[in-house]
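> here is my input; please provide its structure:
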Amino acid sequence: MEETNKKSWAALLVEVLTSPGAAFKEIAENPRFGAAAVTLTVINFVFAALTIPKVREFTLLTLENTPGLSPEDIEAASAFGGGLAVGGTVLAAIIVPWVMWLVIATLMKIFAAISAKEAPFGTLFAVGVYGYVPAVIGGIISSILVLNTAVENIKNVSISLAVFSSAESGFLYHFLTACNPFTWWSLILWGIGAAAVMKVKRPTGVIIYLFGLWLVFALIIGAVGLLNVPAY
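Residues are numbered from 1 along each chain as shown. Model (predicted):
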């Protein structure tokens, strides 16, 4: 009877958004993530692939507006740069989620070790997979925006808070590029999931830990952005 009450992986992908506490409790007890991981990767790939024509057009437009390039140079660079951009888009769509899940699982495992809590790495990886759903939603929205934006304005497409910045360089702008509401949503879900795995009543500590690490990352992104600011 207990076996028949288990929710499917598809149902859990939805429930992490509507009732994360209950969903992650079940994921902690039955950490099956293979089908969910493949599904999220495929969705990520499909929507990234839809933007490939726009990526090619943007690459060509950028080359055409680069001073000092002859038509022959543009044609050669377009073939190479376009292929590189397309390949990078596809590879990123496939590889980035798995790298992110590995990193998040590792960070949660470190927190568990510091807290002296039992938390199997495979179960934390499952939490990383299911908690990534908001990030995938953000990627879908971003792809739709790219598809409906003029090629010359693609570089301005963003779902981060940087879209509200009047500047396009400097520390604040680059810091805001890391301020993505969908990333924050995933961080909260990962905190809830990690707490469920460690059997902690409140996820506050894990969430603060993850947001603290995110803040360090965002500050580094902002600092790196200063390197691109011209000196006066």
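
> relative to residue 120, how far out is the residue nearest the centre of the chain?
Centroid-nearest residue in the chain, with CA atoms, centre = their mean: residue 135, separated by 4.8 Å. Here residue 135 is placed at a distance of 23 Å from residue 120 (CB to CB, to the nearest Å). No exception for glycine: its C-beta is placed from N, CA and C like everyone else's.

> please apply the same query to residue 152.
The value you get for residue 152 to residue 120, if CB to CB is used, is 50 Å.

> repeat for residue 197
8 Å.

> in the helix-or-strand element of the chain with minimal mean pLDDT, which residues are buried?
Every helix and strand of the chain was ranked by mean pLDDT, DSSP states H and E. The lowest is helix 52-64, at a mean of 76. Using 16 or more other CB atoms under 10 Å as the test for burial, helix 52-64 gives 54, 55, 56, 58, 59, 60, 62, 63.

> go through those residues and name the one nearest residue 146.
Using CB to CB, residue 54 comes nearest to residue 146 of the buried residues of helix 52-64, at 5.6 Å.

> in this structure, which spans are helices?
9-18, 20-29, 34-50, 52-64, 71-114, 121-130, 133-147, 170-177, 181-198, 204-226 (DSSP state H).

> okay, the ones you listed in a markdown table with distance to residue 160 next?
A markdown table is the format used below for those (distance: least, CB to CB, whole Å):
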| stretch | distance to residue 160 |
| --- | --- |
| helix 9-18 | 20 |
| helix 20-29 | 23 |
| helix 34-50 | 18 |
| helix 52-64 | 19 |
| helix 71-114 | 16 |
| helix 121-130 | 21 |
| helix 133-147 | 9 |
| helix 170-177 | 5 |
| helix 181-198 | 8 |
| helix 204-226 | 10 |
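
> where among those helices is average confidence lowest?
With a mean of 76, helix 52-64 has the lowest mean pLDDT of the helices of the chain.

> what angle sits between it and helix 34-50?
40 degrees (axes from the mean of the first three to the mean of the last three CA atoms, to 10 degrees).

> using PDB, write out every CA atom in helix 52-64.
Taking C-alpha atoms only, helix 52-64 is exported to PDB below (Å, rounded to 0.1, in the frame of the first residue of the first chain):
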ATOM      1  CA  ILE A  52      19.800  29.500 -32.200                       C
ATOM      2  CA  PRO A  53      18.600  31.400 -35.300                       C
ATOM      3  CA  LYS A  54      18.500  34.600 -33.300                       C
ATOM      4  CA  VAL A  55      22.000  33.900 -31.900                       C
ATOM      5  CA  ARG A  56      23.300  33.400 -35.400                       C
ATOM      6  CA  GLU A  57      21.700  36.700 -36.600                       C
ATOM      7  CA  PHE A  58      23.100  38.600 -33.600                       C
ATOM      8  CA  THR A  59      26.600  37.200 -34.200                       C
ATOM      9  CA  LEU A  60      26.500  38.300 -37.800                       C
ATOM     10  CA  LEU A  61      25.200  41.800 -36.900                       C
ATOM     11  CA  THR A  62      27.900  42.200 -34.300                       C
ATOM     12  CA  LEU A  63      30.600  41.300 -36.900                       C
ATOM     13  CA  GLU A  64      29.100  43.700 -39.500                       C
END
